[in-house]
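[1] the following block contains a protein sequence and its predicted model.
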Amino acid sequence: QVQLVESGGGLVQVGGSLRLSCAASGRTFSNYGMGWFRQAPGKERELIAAISWSAATIHYADSVKGRFTISRDNAKNTVSLQMNSLKPEDTAVYSCAATRSSIWTPAWYDYWGEGTQVTVSS
């Protein structure tokens, strides 16, 4: 089992920045690829950023590419998502998740955090 807890969400104005963090506990964090998902009201959950266990491979959805940066610190068992130039359409619940499989295949994520709300106001 891997337990994941997100933090750092909140209310921000258009063009602002937020940094989300996800703290992991349980099994060896460095064995897992990590992803950030988001789900807006009435929409499907979307995988927006993912990072392999070694950070050698990183993927971004087109909707966040160039604005969001995913990173991880295996010594601290954390993965972060730096979000810049935020837009109203970025408003969603953001969740981190862990996988032992392909990091860009949403169905293969096994462990999930509860999520943190990000609201971008105009």
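    Sure thing, it's come through.
[2] please count neighbours and contacts with C-alpha atoms only from this point.
    OK.
[3] ranges for the strands of this protein?
    2-7, 10-13, 18-26, 33-39, 46-51, 58-60, 68-73, 78-83, 92-99, 111-112, 116-121 (DSSP state E).
[4] name the nearest residue to the residue nearest in space to the middle of the chain, ignoring sequence neighbours.
    Most central in the chain under Cα atoms, centre = their mean is residue 36, positioned 2.2 Å from the mean C-alpha point. Spatial nearest neighbour of residue 36, excluding adjacent residues (Cα to Cα, 6 or more residues apart in numbering): residue 96 at 4.5 Å.
[5] for that neighbour, what are its contacts?
    By Cα atoms under 8 Å, 6 or more residues apart in numbering, the contact list for residue 96 reads 4, 5, 6, 22, 34, 35, 36, 37, 112, 113, 115.
[6] correct me if wrong: residue 3 contacts residue 26.
    Yes. Assessed by Cα atoms under 8 Å, residue 3 is found in contact with residue 26 at 6.0 Å.
[7] my guess is residue 97 contacts residue 113. True?
    Yes. Look at residue 97 against residue 113 with Cα under 8 Å: they come within range, at 6.3 Å.
[8] before we move on, the earlier item: tell me which of residue 3 and residue 26 has more neighbours.
    residue 3 (17 against 10; other Cα atoms under 10 Å).
[9] so in terms of bridging, what pairs with the more buried one?
    For residue 3, the beta-bridge partners under DSSP bridges are residue 25.
[10] quick one, what contacts the residue nearest to the centre of the chain?
    Here residue 36 is in contact with 47, 48, 49, 50, 81, 94, 95, 96, 97 (criterion: Cα under 8 Å, 6+ apart).
[11] identify the bridge partners of it.
    residue 49, residue 96.
[12] what distance do you get for it to residue 122?
    24 Å (Cα to Cα, to the nearest Å).
[13] is it correct that residue 6 is in contact with residue 115?
    Yes. Counting by Cα under 8 Å, residue 6 does reach residue 115; the two are 6.0 Å apart.
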